[in-house]
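Novice: Pasting a predicted model and its sequence here:
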Amino acid sequence: MSVHSENRKVTTHRLSEMKLRGEKISMLTAYDYSMAQLVDEAGIDVILVGDSASNVMAGNETTLPITLDQMIYHGTSVVKAVQRALVVVDLPFGTYQGNSREALSSAIRIMKETAADAVKLEGGKEVLESVNRILSAGIPIMGHLGLMPQSIHKFGTYTVRAKEEAEAEKLISDAQLLEDAGCFAIVLEKIPAKLGKQVAEKVKIPVIGIGAGGGVDGQVLVIHDLLGITQQFSPRFLRRYHNLAAEIKGAVGNYITDVKSQDFPNEKEQY
Ligand code: KIV
C-alpha cells in the first residue's frame, strides 16, 4: 500500500515544488524488477539505480568495476516495474570523466536503452564540461558531492568528507556550479550535518542526503542496507528497518529441513 493519495508520476519539477513547500523527498536504490515494483508501490519519490549495484548485486569491493552495459541492464529492469517514482540511473566510473563527448554518448545510451528519467554523476568543477554537454541534450542530471565512491582510490578511505574548511568551501562552490549549470538535484554523501544544511539553504534545487544530516531536502539509502540484507555495513547514518538477512536465512533453513525430511512436497503440493 502506498503512503500517497495521488499516484501522479514524480517529475524533476515536482521535486522542486516539494523543496519549496518543505516536503522532504524520499529516495532509495533498486536494481531489479521485483524490488523496484515493491519500492514504487510503497510510494517512494525517487528510485536510484545506483552504481552501488557493483557492491550489493555483483559483490565487488568498490563501485569502479560496474560497466555501462551492466547499469543499463539494471536500469531497464527497474524502469519496467515503476509507475510513479522518478527513476535516476548512475553513470558508472569511466563513462563521463574522460571527455564530454563520451559523457554525452554514455548518458544518451542510458536514456534511450533504459527509458529512465535522469542520470546521476559524481563531481563538481572537474566534470562541468560533461555536465553542460549532457544537459544541453535535454538530459536531466542529479549531481553527487561529498563522499564520492568512484574516487575511493584518490582518498583511500570512506570516512566523513569536507570536515576541513577548504574542502567544505569547494563543496559549496561545486554545489553552486551544478545548480547554475542546470542540474535538478544534488546528492550529498557523508558530510557534517551543518554543511549539509548550509548547502540546502544556499541552492534552490533539492539536496538529498546520505549521512548529511536532517537539514537537507530529502534522504537516500541503499535498499539492501535499510532492509538488513547487507550485514557487515554499519555506518552511523544507517537506520535498519528490518533484519531481512535473518528472515531469509530462517526461511531457507526451514525449506532445507522440509526437503531433507521429505515433508516437502506434501500431497497437495504435487500433480
Ligand atoms: O550508488 C548509490 O547507491 C549512490 C547512493 C549511495 C547515493 O550513489
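Specialist: Looks like it arrived, so ask away.

Novice: Spatially central residue for this protein, please.
Specialist: When Cα atoms, centre = their mean is applied to the chain, the residue found nearest the centroid is Leu48 (3.6 Å).

Novice: That one: what secondary structure?
Specialist: On the three-state scheme (DSSP: H, G, I helix; E, B strand; the rest coil), Leu48 is labelled strand.

Novice: for the lowest-mean-pLDDT helix or strand in the chain, the distance to its chain's centre please.
Specialist: Per-element confidence for the chain was summarised using mean pLDDT, DSSP states H and E. The lowest value among helices and strands belongs to helix 152-155, with a mean of 94. Offset of helix 152-155 from its chain centre (Cα atoms, centre = their mean, to the nearest Å): 20 Å.

Novice: Toward the C-terminus, what is the element adjacent to that helix?
Specialist: The element immediately downstream of helix 152-155 (helix or strand, assigned by DSSP states H and E) is helix 165-181.

Novice: so which residue of the stretch 51-200 of the chain comes closest to the ligand?
Specialist: Evaluated by Cβ to the nearest ligand atom, the stretch 51-200 of the chain has Ser52 as its residue closest to the ligand, separated by 3.2 Å. Using the backbone N, CA and C atoms, a C-beta is placed for each residue, glycine as well.

Novice: which residues are in contact with the least confident helix or strand of the chain?
Specialist: Helix 152-155 is contacted by residues Thr62, Thr63, Leu64, Tyr158, Arg161 when judged by Cβ atoms under 8 Å, 6 or more residues apart in numbering.

Novice: residues from the stretch 151-271 of the chain in reach of the ligand?
Specialist: Val187, Glu189, Ile210, Val220, Val222 (Cβ under 6 Å from any ligand atom).

Novice: Could you rerun that using 5 Å?
Specialist: Within the stretch 151-271 of the chain, the positions lying close to the ligand (Cβ under 5 Å from any ligand atom) are Val187, Ile210, Val220.

Novice: Dump those residues to a markdown table, plus neighbour count, secondary structure and pLDDT.
Specialist: Supplementary listing: those in a markdown table, determined by neighbours: other Cβ atoms under 10 Å; DSSP: H, G, I helix; E, B strand; the rest coil; pLDDT from 0 to 100:
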| residue | neighbour count | secondary structure | pLDDT |
| --- | --- | --- | --- |
| Val187 | 26 | strand | 99 |
| Ile210 | 26 | strand | 98 |
| Val220 | 24 | strand | 98 |
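
Novice: how about the residues you listed in a markdown table, adding distance to Ala30?
Specialist: Output for those, formatted as a markdown table (distance: Cβ to Cβ, whole Å):
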| residue | distance to Ala30 |
| --- | --- |
| Val187 | 16 |
| Ile210 | 15 |
| Val220 | 12 |
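
Novice: Can you pull up the residues of the stretch 1-150 of the chain that come close to the ligand?
Specialist: Proximity of the stretch 1-150 of the chain to the ligand is confined to Thr29, Gly50, Asp51, Ser52 under the rule Cβ under 5 Å from any ligand atom.

Novice: Among those, name the buried ones.
Specialist: The neighbour-count test (16 or more other Cβ atoms under 10 Å) applied to those identifies Thr29, Gly50, Asp51, Ser52 as buried.

Novice: And the third one, what's its pLDDT?
Specialist: Per-residue confidence at Asp51 stands at 98 (pLDDT).

Novice: Kindly report the same for the first one.
Specialist: According to the per-residue confidence, Thr29 scores 98 in pLDDT.

Novice: how about the helices in the chain?
Specialist: Under the criterion DSSP state H, the chain carries helices at the ranges 12-20, 33-41, 53-56, 68-81, 100-114, 128-136, 152-155, 165-181, 193-202, 223-226, 244-260.

Novice: Out of the ones you listed, which gets nearest to Val87?
Specialist: Closest to Val87 of the helices of the chain, according to Cβ to Cβ: helix 68-81, at 5.5 Å.

Novice: angle of that closest one against helix 100-114?
Specialist: Using axes from the mean of the first three to the mean of the last three Cα atoms, to 10 degrees, the inter-axis angle of helix 68-81 relative to helix 100-114 is 40 degrees.

Novice: now for helix 68-81, which elements pack on it?
Specialist: Contacts defined by 3 or more Cβ pairs under 8 Å, 6 or more residues apart in numbering; DSSP states H and E place helix 68-81 against helix 33-41, strand 46-49, helix 53-56, strand 86-90, helix 100-114.

Novice: Many thanks, we can stop here.
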